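Undergrad: Need coordinates for the following:
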Amino acid sequence: MIEAHLLKLRARDEVSPEEEGAIRGLFTETREVPADRTIVRAGEELSVSLLLIEGLLCRYKDLRDGSRQISELHVAGDFADLHGFTLKRLDHSVLALTRCRIAVAPHERLKALTREHPHLARLYWFGTNLDAAIHREWMLSLGRRSALSRAAHLFCELHVRLGLVGLADDAGYALPLTQTDLAECLGLTPVHVNRTLKELREGGLVEFRGGRVTIANLDGLRRVGEFDDSYLYLERRTR
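TA: The predicted structure follows:
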């Protein structure tokens, strides 16, 4: 059930059999969530955290005019709201962009795990710090990168993050999003996204079609996106 999560953890640190058992014991149930459903609403009191098993989730904030800004995408293996364990409410909402399967971890069980397994507590603290690093990189994209560079950077980031959990290879990966979803990630209009995707395709870099990202020139895509994966902290070390 949580194999992608364990792959993500073990890509960066050791997880002992005992710790794996403790992680598996966190979850009390799984839930199937249809696409386009908000699963955590900003401001609501939280007593559980949600691990994504399958599908795509996003964090987002709305404006009064109904426009939406997505501030991070979550892939299989990610906790979508682990920071809610300490905050107890979020300043943003979490949405299922596709049909998703999630596992539910009550905060009482998380509290016991952090008390009994300090190494895992540090690993999950690292995870929330990693989310913050991703947010900062997205902020840089929205504030300073061109539309072309933003899109290239996002495709590169997802290639790495999905690759860690076995969902991407050199040729590309599934990304069942609409151009409107991408527009809300990139802070662009759907029309601008369409032009940008065309430019990336005609430049021989990447094609996004039919819910799949096909990478033609990864080195070139990284150059256009000015992509440096150091903010993803991929080195393996004991925390």
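Undergrad: where does the chain dip in pLDDT?
TA: Counting by pLDDT under 70, the chain shows no low-confidence range.
Undergrad: what ranges do the strands span in it?
TA: 29-33, 37-40, 48-54, 57-62, 68-74, 93-96, 100-106, 168-169, 172-174, 206-209, 212-215 (DSSP state E).
Undergrad: If you count neighbours, what's buried in the fifth one?
TA: Across strand 68-74, burial judged by 16 or more other Cβ atoms under 10 Å covers 69, 70, 71, 72, 73, 74. C-beta here means a position set from N, CA and C on the backbone, and glycine is covered the same way.
Undergrad: Neighbouring strands of that strand in the sheet, and parallel or not?
TA: strand 57-62 (antiparallel) (DSSP bridges).
Undergrad: Identify the residues contacting stretch 2-10?
TA: Applying Cβ atoms under 8 Å, 6 or more residues apart in numbering, the set of residues contacting stretch 2-10 from outside is 15, 20, 23-24, 27, 51, 53, 76-79, 103, 123, 164-167.
Undergrad: Weed out the non-buried ones from the residues you listed.
TA: Here, 16+ other Cβ under 10 Å leaves 15, 23, 27, 51, 53, 76-79, 103, 123, 164-165, 167 buried among these.
Undergrad: Among those residues, which ones are in helices?
TA: Among the buried ones among the contacts of stretch 2-10, the members found in helices (DSSP state H) are 23, 123, 164.
Undergrad: My guess is the first one contacts residue 15. True?
TA: To tie it back to what came earlier, the one meant is residue 23. Yes: Residue 23 is within contact range of residue 15, at 7.4 Å (criterion: Cβ atoms under 8 Å).
Undergrad: Find residues that contact each of the two.
TA: 6, 9, 120.
Undergrad: What is the neighbour count of the last one?
TA: Read that as residue 120. Residues near residue 120, counting by other Cβ atoms under 10 Å, number 23.
Undergrad: quick one: it and residue 18 touch, right?
TA: No: if you go by Cβ under 8 Å, residue 120 and residue 18 don't touch, sitting 9.9 Å apart.
Undergrad: can you pull the buried residues of stretch 98-108?
TA: By neighbour count on 16+ other Cβ under 10 Å, the buried set for stretch 98-108 is 98, 100, 101, 102, 103, 104, 105, 106.
Undergrad: just checking, the last one touches residue 47?
TA: Yes: counting by Cβ under 8 Å, residue 47 is a contact partner of residue 106 at 6.5 Å.
Undergrad: Spit out the residues that contact these two alike.
TA: With Cβ under 8 Å, 6+ apart, residue 106 and residue 47 have no common neighbours.
Undergrad: Span of stretch 111-123 from start to end?
TA: 14 Å (Cα to Cα, to the nearest Å).
Undergrad: got the contact list for that stretch?
TA: With Cβ under 8 Å, 6+ apart as the criterion, stretch 111-123 contacts 9, 13, 15, 19, 22, 23, 26, 85, 124, 239.
Undergrad: same question, stretch 200-217
TA: 148, 151-152, 155, 158-159, 170-177, 182, 197, 220-221, 224.
Undergrad: mind running it again at 6 Å?
TA: 155, 172, 173, 174, 175, 176, 197, 220, 221 (Cβ atoms under 6 Å, 6 or more residues apart in numbering).
Undergrad: Brilliant, that's me finished.
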